[in-house]
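Asker: Kindly generate the corresponding structure for this input.
(one chain, ligands or ions: 1)
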Amino acid sequence: MPGFQGKTALVTGAASGIGAACVEWLAARGIGRFILVDIDATGLESLAPDCERIACAGDVADPALWEHVAERCDGLDLAVLNAGIAASGGIIDLDFAQWRRVMATNLDGMVLSLRGAMRAMRQNGGSVVLTASASGIKAEPGTAAYGASKAGVIQLAKVAAKEGAPLGIRVNAVAPGGVDTPIWDDVPMFADMAARQGRDAAIASMGSMATPLGRFARREEIAAQIGFLLSDDAATITGSVLVTDGGYSL
Ligand code: NAI
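Answerer: Down below sits the predicted model:
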């Protein structure tokens, strides 16, 4: 895939799951410099050991973090804006503090990340991918906070694509269905299943429940799809939402 040699890439939520897989995928294709953001400072330590890398530990929803990152973002070419948290719970029983936490990370954090990336790209252009979710498209009980935050991410990507186009900045979103990553371990229904059947069996059960293709995605598969959207092979694609959910949202 063309276009990665020597480039500078920002990845948020880099310490785990899809973000870490994106770092690996990009490192294998010759990225020159990484700016890695995560609230988990320890998780950032072992990433991309053979690349030039700047680790910025902090909360994506904290504007002060983005001032710090901005000073290190010169020459930014690529951005994977991916940090996010899961949540579940019905609206009638809504825990408002949890709603605010989800909006803070998934939406406030996303817009601050996007602003930082687009500011750094405004001279020379670039390519940005936002991690949304199939939950931002398909309504399911119990997904109000998470789904609304991810629907917001999808709209942000579209608005940013229109604003970015005259500056040579492409912005796209991916909307995965289930992906086997640690994010599931904090979801009570999944944690119960994993305690009963083991984690691998619980992932397989979740995948067979509502996904026509019958399985969750692997994080490496999502990373390769994000990589395609970042690449010059996707030079005519902007404002799109790549739904990668095995048919879950149909
Ligand atoms: P993960 O839990 O493995 O990784 C998320 C990363 O984001 C972690 O390293 C975490 O420390 C970081 N993070 C969380 N809050 C943060 C904050 N406030 N500031 C900075 N970093 C923060 O989960 P996964 O699955 O890799 O999630 C990545 C993205 O993919 C998330 O936006 C998630 O909503 C989205 N997604 C995941 C799906 C799945 O089934 N795993 C499905 C659809 C979307």
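Asker: Please count neighbours and contacts with C-alpha atoms only from this point.
Answerer: OK.
Asker: What is the subsequent helix or strand relative to the lengthiest strand in the chain?
Answerer: As assigned by DSSP state E, the longest strand anywhere in the chain is strand 169-176. Remark: after strand 169-176, the chain's next helix or strand is helix 188-197, criterion DSSP states H and E.
Asker: List the contacts of that next one.
Answerer: Applying CA atoms under 8 Å, 6 or more residues apart in numbering, the set of residues contacting helix 188-197 from outside is 184-185, 199-202.
Asker: and which of those is nearest residue 112?
Answerer: For the contacts of helix 188-197, the closest approach to residue 112 (CA to CA) belongs to residue 184, at 25.0 Å.
Asker: Skipping its backbone neighbours, what lies nearest the closest one in space?
Answerer: Counting by CA to CA, 6 or more residues apart in numbering, residue 190 is the residue found nearest to residue 184 once chain neighbours are left out, at 6.4 Å.
Asker: Once you drop chain neighbours, what's closest to the most centrally placed residue in the chain?
Answerer: For the chain, residue 82 is the residue whose C-alpha lies nearest the centre (CA atoms, centre = their mean; 2.1 Å). Once flanking residues are discounted, residue 82 sits nearest to residue 131: 4.8 Å by CA to CA, 6+ apart.
Asker: how near is residue 74 to residue 130?
Answerer: Applying CA to CA, to the nearest Å, the value for residue 74 to residue 130 is 20 Å.
Asker: just residue 235 next, same as before
Answerer: According to CA to CA, residue 235 stands 16 Å off from residue 130.
Asker: Likewise for residue 236?
Answerer: 17 Å.
Asker: Settle it for me: which of those two has more neighbours?
Answerer: Neighbours were counted for residue 236 and for residue 130 using other CA atoms under 10 Å; residue 130 has more, 26 against 8.
Asker: Would you mind listing what in the chain touches the ligand?
Answerer: Residues of the chain lying close to the ligand (CA under 6 Å from any ligand atom) are 13-19, 38-40, 58-61, 82-86, 105, 131-133, 176-183.
Asker: And the protein, what are its domain boundaries?
Answerer: 8-179+218-240, 180-216 (automatic domain parsing).
Asker: most tightly surrounded among those domains?
Answerer: Highest mean neighbour count among those (mean count of other CA atoms under 10 Å): domain 8-179+218-240, with a mean of 20.
Asker: Could I get the average pLDDT for that domain?
Answerer: On average, the pLDDT along domain 8-179+218-240 is 97.
Asker: quick one: that domain to chain centroid distance?
Answerer: 4 Å (CA atoms, centre = their mean, to the nearest Å).
Asker: And residue 214, how far from residue 201?
Answerer: On the measure of CA to CA, residue 214 and residue 201 end up 13 Å apart.
Asker: so what's the residue nearest to residue 82 up against?
Answerer: Shown in contact with residue 131 (CA under 8 Å, 6+ apart): 80-83, 153, 173-176.
Asker: can you tell me which of those residues lies nearest to residue 25?
Answerer: Once CA to CA is applied, the member of the contacts of residue 131 that ends up nearest residue 25 is residue 80, at 11.9 Å.
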